[in-house]
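Enquirer: need a structure here:
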Amino acid sequence: MSLAHSAPLETQALRILQVTQATQTTQATQTTQATPTSQTTPVPNASVVIEPENIDLGLITPGSVQTRTFTLRNKSDKPITIISAFPSCKCTTLTDLAGREIPAHGSVELSASMDAPRAPGPKDAKVFVTISSNPRPLVAKMQGVITLPVQPSPPYIDALKGNRKGIIDFTASDGKPFRITGVDGAQPNFVDFDPAQDSPRSHYALQWDLSMVPDGKFRQWMIVQTDRDNCLMIPMRIRNEVTGARFDPDVDKRGWFLTESVVLVGAMKPGEARQIEVDYESSVPKGKSKLPNWDKVLAVRSQSPSIAATFVSSTTMGDRVRVKMQVTTATSASGFVYAPVSIDSGTGNGMCFLAIMVSP
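Expert: All right, here's what the predicted structure looks like:
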């Protein structure tokens, strides 16, 4: 297989956007084509419109908070009341506009902030606004692509419907050469590259193979390691029938879920201690009562001999709980560590996974 070893940053960015568009083809055929950010396409005879209807965030830094402003414009001769405004997911927070009146021919601004995940790939969030003059909600959308310094294409492992092998490209966004040093701590299976003889490149193709993994035993994440300080680990979500809702069947029972089930801790030394934070959110639908003690953290427990994990503190912020824990690597730990950690609450326990590179 022939590989492109280097390309300008603009070419890499365009390529990433083209891949994202390809993965969203099915969705695109089911929705109205997005209106450019600078334009608005009102609903026919609508008394209120949202401007713009779609904001393209472009390439997004992992873990960043993207805040944008929409305008609700009243085109009628009478004041209109906003009944509700709510996001499609809890990763997005909004200005509280419930009960706010928009004067005739006036406008009101709606600020929306979306928390970008740390895993690469496309991300979008919708905002639904219901007004007194129209039972059908108005919809605004933000969308972009979470982009790492080394970007995978596609940004996930497609292990659905019996698919157990595939190839993924990895490209340095700045065009600089780098090395892929491991996949889940094992030797990478390169395509058309010999690490013992060939010089480092800015682009690689890797073959992944999950054919030996028994059905029902898939992990949610595959972690690729590189030698770049700003991108030591690349989380790749494994898409399989058992890695979605079935991976964590007790979500409804305990009433909460991990916002990101994998935590990239980074590089640590053997015996080193570090405090990290992990968030979980209420899974109870809007308008319903949360389970008693859902936000009371009782303990944090490591399920791996490679690390110890202890509970430090927790903070409740509305629908979200931020858990602070101390992680200590074992003195015998070495190389890549993928450690399951249980967070025990008053309603049950959930599992997150810590990815750590341990070296002296």
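
Enquirer: Return the residues in contact with the residue lying closest to residue 247 once chain neighbours are set aside.
Expert: Closest residue in space to residue 247, ignoring its immediate chain neighbours: residue 220 at 5.8 Å, by CB to CB, 6 or more residues apart in numbering. Glycine gets a C-beta too; all of them are placed from N, C-alpha and C. Contacts for residue 220 (CB atoms under 8 Å, 6 or more residues apart in numbering) come out as 237-238, 243, 247, 261-262, 353.

Enquirer: Is residue 155 in contact with residue 236, as I believe?
Expert: Yes: in this structure residue 155 lies within contact range of residue 236 using CB atoms under 8 Å: 7.1 Å.

Enquirer: what touches both of the two?
Expert: Contacts common to residue 155 and residue 236, judged by CB under 8 Å, 6+ apart, are residue 119.

Enquirer: hang on, the earlier thing: and the residue nearest to residue 247, what are its phi and psi?
Expert: Main-chain dihedrals, residue 220, degrees, to the nearest 10: phi -80, psi -20.

Enquirer: The one 3 residues further on too?
Expert: Here the main-chain torsion angles of residue 223 (degrees, to the nearest 10) amount to phi -110, psi 120.

Enquirer: who are the neighbours in contact with it?
Expert: Here residue 223 is in contact with 183-184, 233-236, 262, 264, 336, 338, 355 (CB under 8 Å, 6+ apart).

Enquirer: Which one of the residues you listed is nearest to residue 73?
Expert: Top of the list for closeness to residue 73, among the contacts of residue 223 and by CB to CB, is residue 235 at 40.5 Å.

Enquirer: Tell me how many other residues crowd residue 318.
Expert: 10 (other CB atoms under 10 Å).

Enquirer: Which pLDDT does the model give it?
Expert: Residue 318 carries a pLDDT value of 86.

Enquirer: just residue 204 next, same as before
Expert: The model's pLDDT for residue 204 equals 98.

Enquirer: what's the distance between the strand or helix carrying it and the middle of its chain?
Expert: Assigned by DSSP states H and E, residue 204 falls within strand 203-209. How far strand 203-209 lies from its chain's middle: 22 Å, per CA atoms, centre = their mean, to the nearest Å.

Enquirer: Which elements pack onto that strand?
Expert: For strand 203-209, the packing partners by 3 or more CB pairs under 8 Å, 6 or more residues apart in numbering; DSSP states H and E come out as strand 165-172, strand 180-183.

Enquirer: hmm, try it at 10 Å
Expert: strand 150-153, strand 165-172, strand 180-183, strand 221-226 (3 or more CB pairs under 10 Å, 6 or more residues apart in numbering; DSSP states H and E).

Enquirer: Direction included, what does the first one pair against?
Expert: The one in question is strand 150-153. Strand 150-153 has the following strand partners under DSSP bridges: strand 165-172 (antiparallel).

Enquirer: ok so, going back, the inter-axis angle of the strand holding residue 204 versus strand 221-226?
Expert: 140 degrees (axes from the mean of the first three to the mean of the last three CA atoms, to 10 degrees).

Enquirer: how close does the residue nearest to residue 247 get to residue 69?
Expert: From residue 220 over to residue 69 the distance is 35 Å, taken as CB to CB, to the nearest Å.

Enquirer: if you go through the stretch 1-150 of the chain in chain order, where are the helices?
Expert: Shown for the stretch 1-150 of the chain, the helices assigned by DSSP state H, counting those that start in this stretch span residues 9-23, 25-28.

Enquirer: residue contacts, residue 206?
Expert: Contact partners of residue 206, counting by CB atoms under 10 Å, 6 or more residues apart in numbering, are 152, 166-170, 180, 183, 188-191, 193, 224.

Enquirer: hey, what's it bridged with?
Expert: With DSSP bridges as the rule, residue 206 is bridged to residue 168, residue 190.

Enquirer: Please report how far it lies from residue 195.
Expert: From residue 206 to residue 195 the distance is 12 Å (CB to CB).

Enquirer: I'd like the contacts of residue 220 written out as TSV, with pLDDT added.
Expert: Putting the contacts of residue 220 into TSV (pLDDT from 0 to 100) gives the following:
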residue	pLDDT
237	95
238	97
243	95
247	94
261	92
262	95
353	97
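
Enquirer: Give me the subset of the residues you listed that lies in helices.
Expert: Of the contacts of residue 220, none are assigned to helices by DSSP state H.

Enquirer: Where does pLDDT dip in this structure?
Expert: Filtered on pLDDT under 70, the chain yields the residue ranges 1-46.

Enquirer: List the buried residues of stretch 54-69.
Expert: By neighbour count on 16 or more other CB atoms under 10 Å, the buried set for stretch 54-69 is 54-55, 57, 60, 62, 66, 68.

Enquirer: And the strand or helix carrying residue 322, what's buried?
Expert: Taking DSSP H and E as the criterion, residue 322 maps to strand 320-329. Buried residues in strand 320-329, counted by 16+ other CB under 10 Å: 320-321, 323, 325, 327-329.
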